[in-house]
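Asks: Whatever this is, show me its structure:
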Amino acid sequence: MTNNWKGGLCALLFLSAIPCSTMADTLVATRENGDEIARFDIPEGTGWCVLWNHSVRGFAVSDCYENRGGNMVLISAHLPDFAAGLDHIPGRGRQVSDGQGGYFILDIDEPVPGNAYVLRPGAGPVDHRLAVGDEVVSLSARAMRERVTISLTRNTNP
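Replies: Residues are numbered from 1 along each chain as shown. As a prediction, this is how the structure comes out:
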């Protein structure tokens, strides 16, 4: 007997004409007062990235995550330069060249404690953003320098 309850639930939803995509967990960015500034459905096995521009050098940096069984997992990062504060920690993923002078850190596979973390979106050109598929939301435009919590929550109501 398999323990694939979600697959079984998807089959039941299919038979009832409810799309399985309704089972997506939810990625939410909220201000400290609880106001929501971004919300995305994140089905299991799909991901999103937090993007920003380095405050000194100006190049784009990214940290990418995946929903693994309802858990927020940091899977990779792209760092176009070894600028201040940006480097690879040996034993935490593997570093490979991006072919343009920067590097990717792949296979980080690090669960985020509590499925949430706090970010203070930078001002002006830093422009912290959430990217899910083709949709990009500027956290800096909505809550510049404010305490923003990015969390992945389990959707228990399919």
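Asks: which residues of this protein fall in helices?
Replies: Using DSSP state H, the helices of the chain run over residues 5-15, 139-143.
Asks: Does Ile42 have any beta-bridge partners, and if so which?
Replies: Asp25 (DSSP bridges).
Asks: So it versus Leu27, what's the distance?
Replies: For Ile42, the distance to Leu27 (CB to CB, to the nearest Å) stands at 5 Å. C-beta here means a position set from N, CA and C on the backbone, and glycine is covered the same way.
Asks: list the residues that contact both of the two?
Replies: Trp48, Asn67, Val132, Leu152 (CB atoms under 8 Å, 6 or more residues apart in numbering).
Asks: tell me the pLDDT at the last one?
Replies: As summarised for this prediction, Leu152 has a pLDDT of 98.
Asks: Ok, the third one next?
Replies: You'll see Val132 listed with a pLDDT of 97.
Asks: ok so, going back, weakest of the helices of the chain by average pLDDT?
Replies: helix 5-15 (a mean of 32).
Asks: Just the strands from this protein, written as ranges.
Replies: In the chain, the strands defined using DSSP state E lie at 25-31, 36-42, 47-53, 60-68, 71-79, 94-97, 103-106, 110-111, 116-119, 129-132, 135-138, 148-153.
Asks: Can you lay out these as JSON lines showing mean neighbour count?
Replies: Listed next are these as JSON lines, based on neighbours: other CB atoms under 10 Å:
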{"stretch": "strand 25-31", "mean neighbour count": "19"}
{"stretch": "strand 36-42", "mean neighbour count": "17"}
{"stretch": "strand 47-53", "mean neighbour count": "19"}
{"stretch": "strand 60-68", "mean neighbour count": "19"}
{"stretch": "strand 71-79", "mean neighbour count": "19"}
{"stretch": "strand 94-97", "mean neighbour count": "12"}
{"stretch": "strand 103-106", "mean neighbour count": "19"}
{"stretch": "strand 110-111", "mean neighbour count": "12"}
{"stretch": "strand 116-119", "mean neighbour count": "14"}
{"stretch": "strand 129-132", "mean neighbour count": "19"}
{"stretch": "strand 135-138", "mean neighbour count": "14"}
{"stretch": "strand 148-153", "mean neighbour count": "19"}
